[in-house]
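**Q** Below is the sequence, then the predicted model.
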Amino acid sequence: MKHRLLTGLAVAPLTLAALCAGPANAVSGVRVTTLSGAQGWRVSPFNAGEVAISGAVDDPVRRDGSLRLDNLGGGARAQAQLPLTAPLGRVAGRRIAYSAYVASGSGPEYGANLQLEIAGGNFYTTLSYQPQLDGGASTGSWRTFANRRGAAVWWSSRAFGSIPSNHPVTLADVVAAEGPGARVVNVFLNVSAALDAYVDNVAVDGVRYNFAATPKAVTVKYDMVCAQGGGGTVTVTAANNTASTQKIDVSGAGLTPHALRISVPANGTASGQAHIGSEPTVVTARRAGGGSKSATLHGCPAEGPGTAPEQSGDLTPGVPGKAGGGFAAEGRPVLAAEVSEPGKQAADSVGLLAGGLVVAASAAFAGTAMVRRRKG
């Protein structure tokens with residue numbers, strides 16, 4: 001006889017969150033999960049590459065994905081755009097920074113550019129931060145680039161006043177040459193070389209933007225097999241569809257050992273195994289960082305395979321007034337669960353449990369559980 005329990009755990013994104021006080025005037029934060037323009041950023045109309053928020057490469061700060069700028073096809077550019085209307089002097093006086101990562105391609109030192117599109121009374125130009133003038137980017141590692149006083153790491157697309165085109169200048173020189181009427185009308189994240197690059201944690205005009213991929217589920221499956229003469233084995237398999245290693249702790253007083261730690265690599269699977277006795281056992285899966293999900297496994301009696309009582313499952317109490325309850329992580333009630341039983345009670349009996357959980361960073365886990373019994 002074999003019982004199966006499937007549990008899905010996922011993280012729900014927040015679209016806007018205040019950040020703690022950060023360096024140099026980046027005082028608020030936006031979590032960007034879409035390039036529709038609703039959260040400021042969008043795919044640039046000048047883009048010729050592939051631009052998307054991706055979970056393939058996690059940023060080094062929040063580890064929740066990043067913005068992918070793929071120009072491996074050799075187009076003019078891969079580019080994202082943030083429309084902005086702000087005085088150049090104000091933008092230049094606040095922190096300007098971003099983190100960049102190169103996955104592959106030729107000329108990785110050029111990395112990704114942060115660009116300021118500027119308009120004045122009788123001029124127009126695009127200022128482009130040049131990573132190769134500031135140590136350069138490199139393949140396979142993140143590097144943060146930030147404007148520094150006196151650093152000649154900017155290029156202007158056009159010559160004006162004392163500013164040449166495509167030549168290293170400081171941002172202070174540009175502000176002095178363009179005068180008080182100059183305004184930033186767009187911010188771009190741009191890759192012009194044949195690179196597959198990633199960008200995140202962009203600070204500009206007092207806001208820090210965190211590109212965050214829509215979280216994917218971590219699925220935990222329990223397979224219980226009863227042995228002739230009583231007792232059995234529970235195999236716990238976790239499938240990780242996220243870009244970061246996930247740690248799952250599975251525990252139950254009726255299991256031997258009582259607790260399993262399963263470390264699941266990014267986009268991979270891992271398993272653990274324990275023995276189960278004849279008594280019902282409450283098995284709980286906990287995700288490192290917060291949140292848990294529980295279900296009851298009936299034990300394996302001495303009569304052997306095919307004679308154990310019907311399998312059932314439930315979630316720990318949480319939100320009142322809902323069938324099956326919900327469950328709480330770190331003391332906070334979350335999405336309620338519903339328990340349903342199919343009308344057909346034959347060789348197979350299936351119950352569905354749906355629920356959710358939260359993590360410390362104000363994210364929420366959501367999941368489902370399926371209990372399946374087949375007679376041996």
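**A** Ah, there it is.

**Q** The host helix or strand of T219 pairs with which strands, parallel or anti?
**A** Assigned by DSSP states H and E, T219 falls within strand 218-226. Its sheet considered, strand 218-226 pairs with strand 2-9 (antiparallel), strand 232-240 (antiparallel) by DSSP bridges.

**Q** lowest-confidence stretch among the ones you listed?
**A** For the strands paired with strand 218-226, the weakest mean pLDDT is recorded on strand 2-9, namely a mean of 43.

**Q** lowest confidence element among the helices and strands of this protein?
**A** Lowest by mean pLDDT, DSSP states H and E among the helices and strands of the chain is strand 332-333, with a mean of 21.

**Q** How about G74: what's its closest non-neighbour residue?
**A** Excluding the flanking residues, the one nearest G74 by C-beta to C-beta, 6 or more residues apart in numbering is A194, at 5.0 Å. From N, CA and C alone the C-beta is placed, and that goes for glycine too.

**Q** Tell me which stretches of this structure form helices.
**A** For the chain, the helices defined by DSSP state H cover 88-93, 171-178.

**Q** counting contacts, what elements does the first one pack onto?
**A** In terms of contact count using 3 or more C-beta pairs under 8 Å, 6 or more residues apart in numbering; DSSP states H and E, helix 88-93 is assigned the packing partners strand 113-119, helix 171-178, strand 183-191.

**Q** Adjacent strands (with direction) for the longest one?
**A** According to DSSP bridges, the neighbouring strands of strand 183-191, each with its direction, are strand 78-87 (antiparallel), strand 113-119 (antiparallel).

**Q** List the beta-bridge partners for V191.
**A** Using DSSP bridges, the beta-bridge partners of V191 come out as A78.

**Q** can you check L69 too?
**A** V51, A197.

**Q** Enumerate every residue touching it.
**A** 49-51, 78-80, 112, 189-191, 195-199 (C-beta atoms under 8 Å, 6 or more residues apart in numbering).

**Q** One more: V102?
**A** The neighbours of V102, taking C-beta under 8 Å, 6+ apart as the test, are 108, 111, 137-140, 195-198.

**Q** which one of those has the most neighbours?
**A** A197 (31 neighbours; other C-beta atoms under 10 Å).

**Q** show me what contacts L171?
**A** Contacts of L171 by C-beta under 8 Å, 6+ apart are 92, 96, 127, 147, 154.

**Q** any idea how far the nearest residue to P131 once chain neighbours are set aside is from L255?
**A** The shortest distance from P131 to any non-neighbouring residue, by C-beta to C-beta, 6+ apart, is to G111 (4.1 Å). Distance of G111 to L255, given as C-beta to C-beta, to the nearest Å: 50 Å.

**Q** repeat for L67
**A** 43 Å.

**Q** repeat for A78
**A** 50 Å.

**Q** cool, R158 as well?
**A** 70 Å.

**Q** Between these two, which is the more surrounded one?
**A** L255 (21 against 13).

**Q** For that one, which non-adjacent residue is closest in space?
**A** That would be A274: by C-beta to C-beta, 6+ apart, it lies 4.1 Å from L255.

**Q** Correct me if wrong: that neighbour contacts V225.
**A** No. Counting by C-beta atoms under 8 Å, A274 does not reach V225; the two are 11.9 Å apart.

**Q** what about the two, which has more around it?
**A** Neighbour count, other C-beta under 10 Å: between A274 and V225, A274 has more, with 21 against 16.

**Q** got the contact list for the more buried one?
**A** By C-beta under 8 Å, 6+ apart, the contact list for A274 reads 233-234, 236, 250, 252, 255-257, 260.
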